[in-house]
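Chemist: quick one: sequence plus predicted model below, questions after.
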Amino acid sequence: MKPSTNRMLTRIKSVYMFINERGTVTTQQLVDEFGITPRTIQRDLNVLAYNDLVHSPTRGKWSTTNKKVKMSS
């Protein structure tokens, strides 16, 4: 796997864990926490939403779904 792909997957996993620990977060909270652009965080959220791991109950807020996730390093 390319190093850039590995970094992206690690970041997406971290985003998921951050949302899961806090319940509901805003897109801006994610931008501030991870120090990346709103566009990049939106792409990460799109990956998570496509895989049914997060959803947006209201515009700009994100929560995890009830889908079971097996975490590995």
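Modeler: Received, thanks. Residues are numbered from 1 along each chain as shown.
Chemist: going forward, measure contacts between C-alpha atoms and count neighbours the same way
Modeler: Noted.
Chemist: packing partners for the longest helix belonging to the chain?
Modeler: Longest helix of the chain, by residue count under DSSP state H: helix 3-22. The elements that helix 3-22 packs onto, with contact taken as 3 or more Cα pairs under 8 Å, 6 or more residues apart in numbering; DSSP states H and E, are helix 38-50, strand 61-64.
Chemist: got JSON lines for those, with distance to residue 15 too?
Modeler: Compiled in JSON lines, those are given as follows (distance: least, Cα to Cα, whole Å):
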{"stretch": "helix 38-50", "distance to residue 15": "8"}
{"stretch": "strand 61-64", "distance to residue 15": "11"}
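Chemist: tell me the most buried of these?
Modeler: The highest average neighbour count among the helices and strands packed on helix 3-22, using mean count of other Cα atoms under 10 Å, belongs to strand 61-64 at a mean of 20.
Chemist: which residues touch that one?
Modeler: Counting contacts by Cα atoms under 8 Å, 6 or more residues apart in numbering, the residues outside strand 61-64 that touch it are 16, 19-20, 23-27, 53-57.
Chemist: do you know which of the helices and strands packed on helix 3-22 lies nearest residue 7?
Modeler: Nearest of those to residue 7, taken as Cα to Cα: helix 38-50 at 11.8 Å.
Chemist: buried ones in the longest helix of the chain, by neighbour count?
Modeler: Buried residues in helix 3-22, counting neighbours by 16 or more other Cα atoms under 10 Å, are found at 12-13, 15-16, 18-20.
Chemist: repeat for stretch 52-69
Modeler: Buried-residue list, stretch 52-69, by 16+ other Cα under 10 Å: 53-56, 62-65.
Chemist: show the end-to-end separation of it, please.
Modeler: In stretch 52-69, first residue to last residue: 10 Å (Cα to Cα, to the nearest Å).
Chemist: centre of the chain to that stretch, how far?
Modeler: Chain-centre distance of stretch 52-69: 9 Å, with Cα atoms, centre = their mean, to the nearest Å.
Chemist: related to what we said a few turns ago, just name the closest of the contacts of strand 61-64 to residue 71, please.
Modeler: Proximity of the contacts of strand 61-64 to residue 71, judged by Cα to Cα, is greatest for residue 16, which lies at 10.6 Å.
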